[in-house]
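Trainee: Return a 3D structure for these sequence lines:
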Amino acid sequence: MTRLALKDELLDAQLLRAVGSAPYGAADVGECLATAFRVKGTDLSSWYDEWTLTAESALALGEEQLATGRTATARSAFFRASTYFRTSGVMLMATPIDDRLVHSNTRQTASFRQGAALLASPPEIVSIPYDGTTLPGYFFRAGGDRGRRPAVILLGGYDGTAEELYFFNGAAALERGYHVLAFDGPGQGAALLQQGLVMRPDYESVVTPVVDYLLGRGDIDPDRVALIGLSLGAHLAPRAVSVEHRIAACIADCGSFDLFDAAVERIPKPLAAGMLEDRRLATGALRRILRFLAAKLTAGWALRRGQLVHGVGDPISYLFALRDYSLKQRAANVSCPMFICNAEGDDIGASAPMLFDAVAVEKEFVHFTIAEGAGDHCEAGARTLYHARSFGWLDGVLGLES
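Mentor: Numbers count the residues shown, from 1 in each chain. As a prediction, the model looks like this:
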């Protein structure tokens, strides 16, 4: 795995996540490193304060430059502020919701929209009809083209946002001639933090209305719509296309085949066996252990985040909620071509080969390595390399000339 500057593995990974977006204008390497060095160890309040401070500085620069008509500089500053606001809040994901997390989400969205408005082809801010409400998102036209073109739908993960998806996949897709729809679904970004919509396993129920919206626009080639799933989205996307067959191609970037199995593998075998056999003493012991772990500043973050995203009250309820997140009985129903990948140093995507083996479609598997700088979760430090390979495949499948 890539190590940048911080002793704590999780905080260093979050730093890499921000730094890795620099090629697409979402961060400045020096700003990120300077911010990380100011954080006091694993103090999550310090993390929030320092990244917020850097975000405020970038935002002030953007507003100053915009006032003088320097739109390119202003756009860059606003986009960096968006990344830094998102980064400030991400480590606070937990229940009950911290007001600072909601504030960081609101400000990352506002900063992104200030920057996006200064693009040569600004996006449409869209509201996608869904289950009696709407999902927030953005529609970007390739080169401002209003004609019918191939499109990609971007589906994020546990702690990502629609705004971050622009930098992680959207900008690269636009450069290659795809229209782009990025959105926050239940359990993600503003849909979670502003609307209270928690995660659900049957993400076909989310993706289908998104496809309905996209195809109803009139500027999309209906035979060339792809779905790109990032992180948890790399589990949700294959689940969705096992039912939603209007998708012409699907990319799964570093997801788990079965989330419950992956979680159980991390539990000591005697406790795991007792839990699976529904033994009261084993389950009680595991509940106490998970609560103890969840209280740890960084080691417990994934458990706290999972409780928030899934809308449950304790760590073991989060664990049990993962029972419904399996592709074992669904992968065989995928009918579109698939690009599936994982990264050498990432245990989250370790089971991706199981998905590759389970789908009976045109498919390609890529294993990104530490030696090429792409061994982290979702190739966080090598997104341009990832895009070269994934979009190279997608261009060929959809017949798009790069």
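Trainee: which residue ranges form the helices in the stretch 201-350 of the chain?
Mentor: 204-215, 233-241, 259-264, 269-276, 280-294, 301-310, 315-321 (DSSP state H, counting those that start in this stretch).
Trainee: and the ones you listed, which is most packed in?
Mentor: helix 233-241 (a mean of 29; mean count of other C-beta atoms under 10 Å). For glycine as for every other residue, the C-beta is placed from the backbone atoms N, C-alpha and C.
Trainee: Tell me which residues are up against that one.
Mentor: 154-157, 160, 185, 201-204, 206-208, 227-229, 247, 250-257, 259, 325, 327, 330-331, 334-336, 338, 349, 352, 355, 359 (C-beta atoms under 8 Å, 6 or more residues apart in numbering).
Trainee: before we move on, what about stretch 269-281?
Mentor: Identification of contacts with stretch 269-281 by C-beta under 8 Å, 6+ apart yields 264, 267, 282, 283, 285, 286, 289.
Trainee: ok so, going back, I'd like the helices of the stretch 201-350 of the chain as CSV, with mean pLDDT and distance to residue 48 appended.
Mentor: Output for those, formatted as CSV (pLDDT from 0 to 100; distance: least, C-beta to C-beta, whole Å):
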stretch, mean pLDDT, distance to residue 48
helix 204-215, 98, 30
helix 233-241, 98, 25
helix 259-264, 97, 27
helix 269-276, 92, 34
helix 280-294, 95, 19
helix 301-310, 98, 13
helix 315-321, 97, 22
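Trainee: now for those helices, which one comes closest to residue 143?
Mentor: helix 204-215 (18.2 Å; C-beta to C-beta).
Trainee: name the helices or strands packed onto that closest one?
Mentor: Secondary-structure packing of helix 204-215 (3 or more C-beta pairs under 8 Å, 6 or more residues apart in numbering; DSSP states H and E): strand 124-130, strand 133-140, strand 149-155, strand 179-183, strand 220-230, helix 233-241.
Trainee: Tell me which other helices or strands the second one touches.
Mentor: Strand 133-140 sits against strand 124-130, helix 162-165, strand 179-183, helix 189-193, helix 204-215, with contacts defined as 3+ C-beta pairs under 8 Å, 6+ apart.
Trainee: quick one, which of those is nearest to residue 342?
Mentor: Per C-beta to C-beta, nearest to residue 342 of the helices and strands packed on strand 133-140: helix 162-165, 19.5 Å.
Trainee: thinking again about what came up before, switch the helices of the stretch 201-350 of the chain over to a markdown table; also include distance to residue 12.
Mentor: What follows is the helices of the stretch 201-350 of the chain, written out as a markdown table (distance: least, C-beta to C-beta, whole Å):
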| stretch | distance to residue 12 |
| --- | --- |
| helix 204-215 | 32 |
| helix 233-241 | 22 |
| helix 259-264 | 22 |
| helix 269-276 | 29 |
| helix 280-294 | 20 |
| helix 301-310 | 13 |
| helix 315-321 | 24 |
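Trainee: of all the ones you listed, which lies closest to residue 165?
Mentor: helix 233-241 (8.8 Å).
Trainee: Kindly export the closest one (C-alpha atoms) in PDB.
Mentor: In PDB, the C-alpha atoms belonging to helix 233-241 read as follows (Å, rounded to 0.1, in the frame of the first residue of the first chain):
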ATOM      1  CA  GLY A 233     -20.900   0.900  -5.400                       C
ATOM      2  CA  ALA A 234     -18.900  -1.900  -6.900                       C
ATOM      3  CA  HIS A 235     -21.100  -4.300  -5.000                       C
ATOM      4  CA  LEU A 236     -24.300  -2.400  -5.500                       C
ATOM      5  CA  ALA A 237     -23.800  -1.900  -9.300                       C
ATOM      6  CA  PRO A 238     -23.600  -5.600 -10.100                       C
ATOM      7  CA  ARG A 239     -26.600  -6.200  -7.900                       C
ATOM      8  CA  ALA A 240     -28.500  -3.500  -9.800                       C
ATOM      9  CA  VAL A 241     -27.600  -4.900 -13.300                       C
END
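Trainee: any idea how far that helix is from the chain center?
Mentor: Centroid separation between helix 233-241 and its chain, computed with C-alpha atoms, centre = their mean, to the nearest Å, is 12 Å.
Trainee: Report the inter-axis angle for it versus strand 220-230.
Mentor: Using axes from the mean of the first three to the mean of the last three C-alpha atoms, to 10 degrees, one finds that helix 233-241 and strand 220-230 are set 140 degrees apart in direction.
Trainee: what comes into contact with stretch 64-78?
Mentor: Contacts made with stretch 64-78 from outside it, assessed by C-beta under 8 Å, 6+ apart, are listed as 25, 58, 59, 61, 62, 63, 111, 112, 114, 115, 118, 119.
Trainee: Which among those count as buried?
Mentor: Neighbour counting over these (16 or more other C-beta atoms under 10 Å) leaves 25, 58, 59, 61, 62, 111, 112, 114, 115, 118, 119 as the buried ones.
Trainee: hang on, isn't residue 313 packed against residue 95?
Mentor: Yes. Residue 313 is in contact with residue 95 according to C-beta atoms under 8 Å; the separation is 7.0 Å.
Trainee: Which residues are in contact with each of these two?
Mentor: Shared between the contact lists of residue 313 and residue 95 (criterion: C-beta under 8 Å, 6+ apart) are residues residue 307.
Trainee: any idea how this protein splits into domains?
Mentor: 7-118, 123-258+325-402, 260-323 (automatic domain parsing).
Trainee: Mind telling me what element residue 160 is part of?
Mentor: Element membership of residue 160 [criterion: DSSP states H and E] is none; it lies in no helix or strand.
Trainee: what's it sitting at in phi/psi?
Mentor: Here the main-chain torsion angles of residue 160 (degrees, to the nearest 10) amount to phi -90, psi 180.
Trainee: I appreciate the help and will end here.
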